[in-house]
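>>> With the sequence up front, the predicted model follows.
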Amino acid sequence: MTRSSIWFGPGDRPLFGMLHLPEHGTARAGVVLCSPLGREDLWAHSAYRLLAERLEEEGIAVLRFDYDGTGDSAGEQHDGSRVAAWSASTAQAMELMRSTGAPVVAAVGMRMGALLAALDAVRRPLDALVLWDPCWSGRSFLREQRALQALSVGGPEPTDGSVQTPGFRYDAETVADLQRLDLAGTEGPLAARLFVVTRPDRPPDARAGERLAGAGKLDTGSALGQQALLSVDGRFGSDAQRTIESIVAWLVGVAAEEPVRLEVAPLLAREEGAVVGAAAEQRRIVERPVRIGSAGLFGILTELEDAARAPVAVCFNTGKSRHVGPSRLWVDLARMWAARGIRTLRVDLSGLGDSDTHPGQRRDVYYPGEALRDIEEVAGFLAGCEASGLVFVGLCSGAYHAVLGALALGATGVCACNPVFTGRPIAHDLRPPGGAEAGPEPGAAPGPAPVAPSGMGTALRRRIAGLARRDAARAVLRALPDGAWWALDRLGLWSAPATYLETLVRAGSSVLVVVGAEEAVHLRRGGARRMRRLAAGGGLRFDVIEDLDHAMFGPHDRDRVLEIVYAHVVEQFAA
């Protein structure tokens, strides 16, 4: 199997895509995957990657891509004419697949991706079209996102005509354009064959049903596991896997009987890199995809064209989401930093995002036991880029890995947003592979290590760690006064997060920590005095944003954190 990262579309606003080609460059069909929007795109990534890999195994070529101003594509999410840009991106991706000479051209769209794919098919019908849990109109999409915002994040609704969704805000122009999108208001065929996969717990849409009746030969199925996939945390279970297998089986059934060789040379010609912006004096900002180390870690390196030796900021992916960062924060920071002469590598750890796995490793483990090996390989790769220093950046699990990498390898700086230190000792991850202790449960959060390695208190330490994984016990632990946490730290039964920050500062790292009010309480436990001393000495900057949502899904979270992190790195490390 062959997977290549490519750039396509307009030369001044290139789109980023991942092209999956079956062996020998031949295929029975070519399928374009049209992503959802906003947070749903964040959570659907793993499902789309698996779908692409399964189709590739069946001899079908697949293009995954990012719309203009989303993911790794050029542009910004607050640019004007967003709906027109997303529609144009969809059309360009379809035309790209047609240009390969695929015998059958199809599309799969999830949620708003389904609506965008269907509306493009009105213009030029496809051979096959899969609508996966579709939004039948932009109005219904906005209504659901408003409700999700109210339930998950809360806060007042905007009064300027914009709509706030978890982590993403659609301005008044975009809202008005989205409200005009309605599949039922179109006419004519969409595809020779249609497969509509809807949630079984939702009533059918009568208007959409009437519209699809004359749009092509129609098959239907059930979109199982969508609630967990899109509304919880990207949880990808057996139900979602069954849905994917049903889509794969249907597309295999409509594909050509014999494969043909695809014309992909023009596509791969732009594989190496693309210009995504410009800095002062018309110096161009260039991005190129990279593969790193034994697990093929995937990353995007952003830098000024013909850049001299410069510091490199490494942005780690968060949880199971990919390297673009919360609300696309890492992408914007990377391009802003590049304009100031700072290179940035945004990277997926092994088993996450678009990275591969080490032998025997499971996918989608938020805190992979192989993380330190990954970080060492990233540092080795950057040594060849003549990096003058490393700044590790992350949110939540990514912040933990930023601290882990800095403790293990040393770093010029660390920017940790809402870091999580609970459960597993960080010392475990600092040990070389093959150590005596077992790895974490899938997705389990690691945490502070005991200071004293002696046998005294080992059983008690384990009991405290076990209690920390139980809800009732966590409530009791939260109620402990700071003095009790300090005593546990002194006894070697627990280690305050301040211990790690103090170690970094003493080693010469410039440390920035940005947290919400609740995270600040956790980080200060047993070490509030030490942290005040570190801050007074200038080695630690500890910024508390009282209402900061942990995942930065609040209305202004992303922009507030961007301003702080951008300015700190420029002040400390820009030439």
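Now that the structure is in, tell me what you want to look at.
>>> hey, what's Y170 bridged with?
Per DSSP bridges, the residues bridged to Y170 are V163.
>>> List the contacts of it.
Going by C-beta atoms under 8 Å, 6 or more residues apart in numbering, Y170 touches R82, L142, S162, V163, L178. Any C-beta I mention is one placed from the backbone N, CA and C, and that applies to glycine too.
>>> now, among these, which is nearest to V312?
R82 (31.4 Å; C-beta to C-beta).
>>> Count the residues that sit near the closest one.
24 (other C-beta atoms under 10 Å).
>>> ok, it - contacts?
G69, Y170, D171, E173, T174, D177.
>>> how does it look with 10 Å?
37, 67-70, 75-76, 170-171, 173-175, 177-178 (C-beta atoms under 10 Å, 6 or more residues apart in numbering).
>>> What of A184?
Per C-beta under 10 Å, 6+ apart, neighbours of A184: W136, S137, D205, A206, R207, A208, G209, E210, R211, L212.
>>> can you give me phi and psi for it?
phi -60, psi -20 (degrees, to the nearest 10).
>>> Check G293 too.
According to degrees, to the nearest 10, G293 has phi 70, psi -170.
>>> For A118, give me the pLDDT.
If you check A118, the pLDDT there is 98.
>>> isn't E187 right up against V122?
Yes: with contact defined as C-beta atoms under 10 Å, E187 counts as touching V122 (7.8 Å).
>>> which neighbours do the two share?
A215.
>>> Compare these two (neighbour count), which wins?
More crowded of E187 and V122, by other C-beta under 10 Å: V122, with 14 against 9.
>>> and that one, that one's in a strand?
No: in this structure, V122 is helix, not part of a strand, as judged by DSSP: H, G, I helix; E, B strand; the rest coil.
>>> check contacts around the residue nearest to it when sequence neighbours are not counted.
With sequence-adjacent residues excluded and distances taken as C-beta to C-beta, 6 or more residues apart in numbering, V122 is closest to T186, at 4.8 Å. With contacts defined as C-beta under 10 Å, 6+ apart, the neighbours of T186 are A118, L119, A121, V122, R123, R211, A215.
>>> Let me see the backbone angles for T186.
phi -100, psi 170.
>>> G539 now?
Dihedral angles (degrees, to the nearest 10) for G539: phi -80, psi -20.
>>> do you know how far it is from G394?
Distance of G539 to G394, given as C-beta to C-beta, to the nearest Å: 19 Å.
>>> which one of those two has more residues nearby?
G394 (26 against 18).
>>> beta partners of that one?
A416.
>>> ok, it - contacts?
Neighbours of G394 in contact, by C-beta under 10 Å, 6+ apart: 314-318, 325, 330, 400-405, 414-419.
>>> Return the helix or strand in the protein with minimum mean pLDDT.
The least trusted helix or strand in the chain, going by mean pLDDT, DSSP states H and E, turns out to be strand 446-447, with a mean of 44.
>>> shaky segments in the stretch 151-300 of the chain?
232-234, 270-271 (pLDDT under 70).
>>> how about the helices of it, start to end?
Remark: helices assigned in the stretch 151-300 of the chain by DSSP state H, counting those that start in this stretch are 172-179, 206-212, 226-227, 238-254, 265-268.
>>> Can you list the buried residues in the second one?
Buried residues in helix 206-212, counted by 16 or more other C-beta atoms under 10 Å: A208, R211, L212.
>>> one step back: return a selection command, for use in PyMOL, containing the buried ones of the contacts of Y170.
In PyMOL, this line selects whichever of the contacts of Y170 come out buried by 16+ other C-beta under 10 Å:
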select buried, resi 82+142+163+178
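>>> Do a quick rundown of the strands in the stretch 351-500 of the chain.
387-395, 413-417, 424-425, 446-447 (DSSP state E, counting those that start in this stretch).
>>> do the stretch 201-350 of the chain as well
Going by DSSP E, counting those that start in this stretch, the stretch 201-350 of the chain shows strands at 217-222, 260-261, 274-278, 284-292, 297-304, 310-316, 343-347.
>>> what about the third one, distance to the chain center?
Relative to the mean C-alpha coordinate of its chain, strand 274-278 is positioned 21 Å out (C-alpha atoms, centre = their mean, to the nearest Å).
>>> Pull out the buried residues from that strand.
Neighbour count says strand 274-278 has A274, V275, V276, G277 buried, by 16+ other C-beta under 10 Å.
>>> any chance of those in JSON lines, plus distance to V108?
Compiled in JSON lines, the buried residues of strand 274-278 are given as follows (distance: C-beta to C-beta, whole Å):
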{"residue": "A274", "distance to V108": "25"}
{"residue": "V275", "distance to V108": "30"}
{"residue": "V276", "distance to V108": "27"}
{"residue": "G277", "distance to V108": "31"}
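>>> tell me which of those is nearest to R335?
Closest to R335, out of all of these and judged by C-beta to C-beta, is G277, at 5.3 Å.
>>> what is that closest one paired to in the beta sheet?
I285.
>>> Is it in contact with A339, as I believe?
Yes: counting by C-beta under 10 Å, A339 is a contact partner of G277 at 7.4 Å.
>>> Find the residues that touch each one of the two.
With C-beta under 10 Å, 6+ apart as the test, G277 and A339 both reach R283, I285, T302, L304.
>>> can you pull the contacts of the second one?
By C-beta under 10 Å, 6+ apart, the residues touching I285 are 74, 274-279, 302-305, 307, 334-339.
>>> doesn't R143 make contact with W136?
No: assessed by C-beta under 10 Å, W136 is found out of contact with R143, at 11.5 Å.
>>> Between the two, which is the more surrounded one?
W136 (22 against 13).
>>> can you pull the pLDDT of the more buried one?
97.
>>> repeat for P555
Model confidence at P555 (pLDDT) stands at 89.
>>> Over to R322?
For R322, pLDDT reads 93.
>>> Next, the contact list for the nearest residue to it once chain neighbours are set aside, please.
Distances taken as C-beta to C-beta, 6+ apart place G353 nearest to R322, at 3.5 Å, with adjacent residues excluded. Counting by C-beta under 10 Å, 6+ apart, G353 touches 45-46, 49, 297-299, 317-318, 320-324, 346-347, 364.
>>> Check C34 too.
Counting by C-beta under 10 Å, 6+ apart, C34 has contacts 48, 63-65, 67, 86, 89-90, 93-94, 107-118, 120, 130-132.
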